[in-house]
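Engineer: everything below, folded, please.
(chains A and B)
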Amino acid sequence: MKTYKDLPADGGSNIVGQVTEQVNRLQRRLASVNHTVAIMSGKGGVGKSSVTANLASALRLRGQSVGVVDADINGPSIAKMMGVRGEQIDYGIDGVKPAISPLGVKVMSMDLFLKDDETPVLWESQTQRDAFTWRGTMEMSALREFLSDTEWGTLDYLLIDLPPGADRLPNLVDLLPNLGGALVVTIPSGVSQLVVKKSLTMAKKLLNAPVIGVVENMAAYVCADCGKTENLFPSGHTEEMARQFDVSLLGQIPFDPRISIAADEGIAFVDQYRDTPAGQTFFGITDEIRMFFK
Amino acid sequence: MKFLCLECNTAMEFKETATPDQGSLTAIFECPDCFAEFAMHMNPWETQMLKSLNVQLGGKSEAAQPMQMVRSFLSEKNPDNLTSEAPTGSIEGGGKCPFSSAVAEAFQEPAATGPVWTPEALERLERVPSFVRSMAKSSIEEFARENGHTEITTEVMDTARGNFGM
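Structural biologist: From the prediction side, this is the model:
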């Protein structure tokens, strides 16, 4: 009896060929993107999306052409932070036109496809029972379409805002074997770093992915009146973690309530408050990223 | 997956998909030597997995439209976005509907075989919050089929709700 390997094809469906074509389509699309950067942490609530939105705007303000993909399919927040929520998107010549932020950053997010504020991401299915068997694949297919079917044009940087979870980077690397680099966001707490270390291990040791460096968010509180800096968490752990994994600490962003307010209003904090300690830190990280790719 | 005709020791070839039934897709394969046929029934989860990969049994004859999977299978969509037809030749010269047949159809119950909703039942369904409406509709239809109801009335909905423990 012939075995699997003896049979030349799968009977005419050519599933492998179809998947290969999806990969090729993605590569063709991203051929005009100079640098793809994954923003990740592994831990939720550390401000990844806020960091992504502000770095994208800071890069734009440095004269770079920038796109952002919101890879958090189930909890998209980038569209709101970038001020493009509710923007109508339509077909272009060879794909879907992205939403454009007031500063000119191109954005693609599941948020743009959802019916209203209350609507979660649900996929058409005969039953939602046992959806765990296929939902992850559906989400990766959606991300693949965001990357490959958006008219990014020529970009200097495409930032990919990953959802929490140490498994997210390997999934992305499956899609983008030539990922330019990963930027890891943490906060100074030991709990955050316990999780973030797993992501760093995954990135550096298992995937051998290029890690641009670590960003410490909510590093300290700067008093708006007297300018005095107070730590919000015990300090020093992020530097230690960066040393342990032999990665650069790109910057320590102080907590500033205006970052959150700007995100809610869809305006770029780094544009409105560029001379604040937090604003300056964002620009400093931006410069570190650009140095990494030089 | 590959299929072998044991009689001829020959690779079987995809022939066609059968009318989808309750989310279960059926693919028919044929031996090119002895013309023996067999049907492969996929359960709804297997069918859904195939759908999530955005691939098509029998091979795709046309390239995918932009955001085809998201637009086709997202349950509650923004009605204002991507309302027009994708331009001809978009991406790789694709045509109108790359995912036109088998898998997509598997999730659209043929009207003739599914239970019929009465206007009163549909009106009540409309009052279900939008983000769970699709799931509620599928569950009630499944309940109706399993219990031999050809029509979904408000009474059937009440019974289904009791059955679901709500």
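Engineer: kindly report the residues of the stretch 101-250 of chain A close to chain B.
Structural biologist: Counting by Cβ under 8 Å from any Cβ of the partner chain, the stretch 101-250 of chain A comes close to chain B at A:110, A:112-116, A:118-128, A:130-131, A:133-135, A:137-138, A:141-142, A:145-146, A:149. C-beta coordinates here come from the backbone N, C-alpha and C atoms, glycine included.
Engineer: I'd like to know which of the residues you listed are buried.
Structural biologist: A:110, A:112-114, A:119, A:121-126, A:131, A:134-135, A:137-138, A:141-142, A:145-146, A:149 (16 or more other Cβ atoms under 10 Å in any protein chain shown).
Engineer: coming back round to it: of the residues of the stretch 101-250 of chain A next to chain B, which belong to helices?
Structural biologist: Using DSSP state H, the members of those that fall in helices are A:135, A:137-138, A:141-142, A:145-146, A:149.
Engineer: contacts only, for the residue nearest to B:Ala36 when sequence neighbours are not counted.
Structural biologist: Excluding the flanking residues, the one nearest B:Ala36 by Cβ to Cβ, 6 or more residues apart in numbering or on different chains is B:Cys5, at 6.0 Å. Residues in contact with B:Cys5, defined by Cβ atoms under 8 Å, 6 or more residues apart in numbering or on different chains, are B:11-12, B:31, B:33-34, B:36.
Engineer: do the same with A:His237
Structural biologist: So A:His237 contacts A:188-190, A:193 (Cβ under 8 Å, 6+ apart).
Engineer: in space, what's closest to the residue in chain B positioned nearest to chain A - neighbours in sequence excluded?
Structural biologist: Going by Cβ to the nearest Cβ, chain A is nearest to B:Gly23 of chain B, at 2.7 Å. Leaving aside its sequence neighbours, B:Gly23 sits nearest to A:Gln126 (Cβ to Cβ, 6+ apart; 2.7 Å).
Engineer: any low-confidence regions in chain B?
Structural biologist: In the predicted model, chain B carries pLDDT under 70 at residues B:19-20, B:60-61, B:84-114, B:130-131, B:134, B:164-166.
Engineer: again, only this time at 80
Structural biologist: B:18-23, B:45, B:49-52, B:54, B:56-64, B:81-114, B:119, B:126-135, B:138, B:161-166 (pLDDT under 80).
Engineer: how does it divide into domains?
Structural biologist: According to automatic domain parsing, chain B comprises the domains B:4-75+B:88-105, B:116-163.
Engineer: out of these, which is the most enclosed?
Structural biologist: Ranked by mean neighbour count, the domains of chain B are led by domain B:4-75+B:88-105 with a mean of 18 (mean count of other Cβ atoms under 10 Å in any protein chain shown).
Engineer: and the residue nearest to B:Trp117 when sequence neighbours are not counted, how far is that from B:Arg145?
Structural biologist: Among residues not flanking B:Trp117 along the chain, B:Ile152 sits closest, at 4.8 Å (Cβ to Cβ, 6+ apart). From B:Ile152 over to B:Arg145 the distance is 10 Å, taken as Cβ to Cβ, to the nearest Å.
Engineer: what do those two both touch?
Structural biologist: B:Pro115.
Engineer: where is the longest helix in chain B?
Structural biologist: Per DSSP H, chain B has its longest helix at helix B:130-146.
Engineer: now do the helices in chain B.
Structural biologist: Using DSSP H, helices in chain B cover B:44-53, B:68-73, B:90-93, B:102-105, B:119-126, B:130-146, B:154-163.
Engineer: so which residues of the stretch 151-294 of chain A form strands?
Structural biologist: A:155-161, A:181-186, A:211-216, A:220-222, A:229-231, A:249-252 (DSSP state E, counting those that start in this stretch).
Engineer: report all helices and strands that the fifth one contacts.
Structural biologist: Counting contacts by 3 or more Cβ pairs under 8 Å, 6 or more residues apart in numbering or on different chains; DSSP states H and E, strand A:229-231 is packed against strand A:220-222.
Engineer: mean confidence for the strand it packs on?
Structural biologist: Averaging pLDDT along strand A:220-222 yields 87.
Engineer: go ahead and confirm A:His35 touches A:Leu179.
Structural biologist: No - at 9.5 Å, A:His35 and A:Leu179 do not qualify as touching, with contact defined as Cβ atoms under 8 Å.
Engineer: and the angle for the strand ranked longest in chain B with helix B:44-53?
Structural biologist: Among the segments of chain B that qualify as a strand by DSSP state E, the longest is strand B:13-21. Using axes from the mean of the first three to the mean of the last three Cα atoms, to 10 degrees, the inter-axis angle of strand B:13-21 relative to helix B:44-53 is 110 degrees.
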